[in-house]
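**Student:** I would like to see how this sequence folds:
(one chain, ligands or ions: 1)
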Amino acid sequence: MIKYYYPLFRPPAEANNIIIQVTLGCSYNNCSFCSMYKTKKYEVRNLKDVYKDIDILAKSYPNTKKVFLADGDALALETEHLLTLLSYLQKMFPKLKRVSLYASTQNILSKSNDELVKLQKNMLNLIYFGIETGSNLILKKITKGVEQSDIIKSLNLASSAGIKISATVILGIGGVIYSQEHITQTAKIINRTKVNYLSTLQLGLEEDAKDNFYKHFSDFEPLDDFRILEEQKRFLELLLPINKIIFRSNHASNALHLSGVLPKDASRLINELKVALEIGQGAFIPNEYRGF
Ligand code: SF4
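**Tutor:** Prediction:
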């Protein structure tokens, strides 16, 4: 068995795939709503140690087709370092078809188009990306360190290199006051980029993140489930994607689970939301069955 350095996070879609920690923590680690890696100092793991993990996993799972590279933003690694890793993964897992990782706007913008193309050609073909919101005002309040134009530029750089994008948006992150601003500006990002998978989750602040979050967002007033679903409905109404998007809103945090393909299923999804909003609380998943 290999040794994992906890806490360890991976996207739900990677639950059945091999996870290899190539970095520890998050190179940015400064978003006010996020406490995932607050107990970890960012570190690049030594290639020799990573190779040892790969060797052990390759012996146990020689038919592996999909690998996820952890931790919080493995695309922060230098391109040459990543290419060396990708080449070793292809050697040790001959049936490998896909390598994925979490990536941030900052990570993508630190690479050239040629570097991203090289990575894609070496099987880095999916990134998990937290948009959170498209509003510059809210991005500042959640200390994301980027603006809407940076997010759009980075997503377009990734997709033009042939890398697929699985993006998340956080419902409720603008609170009551900036709800409309959040939805309008976030829809703009989706409509100006080529996201392949899109998930919406609901904001849930861990206890240890609250002080820092409110310090930067003093006028934040949380939305209840009803208003979150209204936000979700307005968001779907504003989406005019330029490509097909697999849409999911089925995270443990969601008050209502939705899934479909956009734009084809948009009116069905909006209708499901209308019905749930008419019924009210009784149609929502009870809090005891949810997690954040
Ligand atoms: S949200 Fe992502 S980029 Fe921001 S601190 Fe958390 S892991 Fe890092």
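
**Student:** and the strands in the protein?
**Tutor:** Using DSSP state E, the strands assigned to the chain run over residues 18-21, 23-24, 43-44, 66-70, 98-102, 124-132, 164-171, 197-202, 245-249, 258-262.

**Student:** neighbouring strands - and their directions - for the fourth one?
**Tutor:** In the sheet containing strand 66-70, the strands it pairs with under DSSP bridges are strand 18-21 (parallel), strand 98-102 (parallel).

**Student:** in TSV: these, plus mean pLDDT, mean neighbour count and distance to residue 180.
**Tutor:** Backbone N, C-alpha and C define where each C-beta goes, glycine included. Converted to TSV, the strands paired with strand 66-70 look like this (pLDDT from 0 to 100; neighbours: other CB atoms under 10 Å; distance: least, CB to CB, whole Å):
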stretch	mean pLDDT	mean neighbour count	distance to residue 180
strand 18-21	98	21	39
strand 98-102	98	23	29
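
**Student:** turn those strands into a markdown table, columns for distance to residue 108.
**Tutor:** Listed next are the strands paired with strand 66-70 as a markdown table, based on distance: least, CB to CB, whole Å:
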| stretch | distance to residue 108 |
| --- | --- |
| strand 18-21 | 21 |
| strand 98-102 | 11 |
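
**Student:** which one of the ones you listed lies nearest to the ligand?
**Tutor:** Of all these, strand 98-102 sits nearest to the ligand, with 6.8 Å by CB to the nearest ligand atom.

**Student:** tell me what angle the closest one forms with strand 164-171.
**Tutor:** Interaxial angle, strand 98-102 versus strand 164-171 (axes from the mean of the first three to the mean of the last three CA atoms, to 10 degrees): 30 degrees.

**Student:** and for strand 98-102, what's in contact with it?
**Tutor:** 11, 14, 65-75, 86, 89, 123-130, 166 (CB atoms under 8 Å, 6 or more residues apart in numbering).

**Student:** among these, which are within reach of the ligand?
**Tutor:** 72, 73, 130 (CB under 6 Å from any ligand atom).

**Student:** residue 220 and the ligand, how far apart?
**Tutor:** 17 Å (CB to the nearest ligand atom, to the nearest Å).

**Student:** so which residues of the stretch 151-292 of the chain form helices?
**Tutor:** 179-191, 207-216, 225-238, 266-279 (DSSP state H, counting those that start in this stretch).

**Student:** can you redo the ones you listed as TSV with mean pLDDT?
**Tutor:** Shown next, in TSV, are those (pLDDT from 0 to 100):
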stretch	mean pLDDT
helix 179-191	98
helix 207-216	96
helix 225-238	97
helix 266-279	97
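
**Student:** get me the contact residues on the stretch 1-150 of the chain for the ligand.
**Tutor:** 26, 28, 29, 30, 31, 34, 36, 37, 72, 73, 104, 130.

**Student:** correct me if wrong: residue 10 contacts residue 68.
**Tutor:** Yes - at 5.4 Å, residue 10 and residue 68 qualify as touching, with contact defined as CB atoms under 8 Å.

**Student:** which neighbours do those two share?
**Tutor:** With CB under 8 Å, 6+ apart, residue 10 and residue 68 have common neighbours residue 19.

**Student:** more neighbours, these two?
**Tutor:** residue 68 (22 against 17; other CB atoms under 10 Å).

**Student:** tell me the contacts of the more buried one?
**Tutor:** 10, 11, 14, 17, 18, 19, 20, 99, 100, 101.

**Student:** put together CSV for these, with distance to residue 45 on each row.
**Tutor:** Shown next, in CSV, are the contacts of residue 68 (distance: CB to CB, whole Å):
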residue, distance to residue 45
10, 16
11, 20
14, 18
17, 19
18, 15
19, 13
20, 9
99, 16
100, 18
101, 13
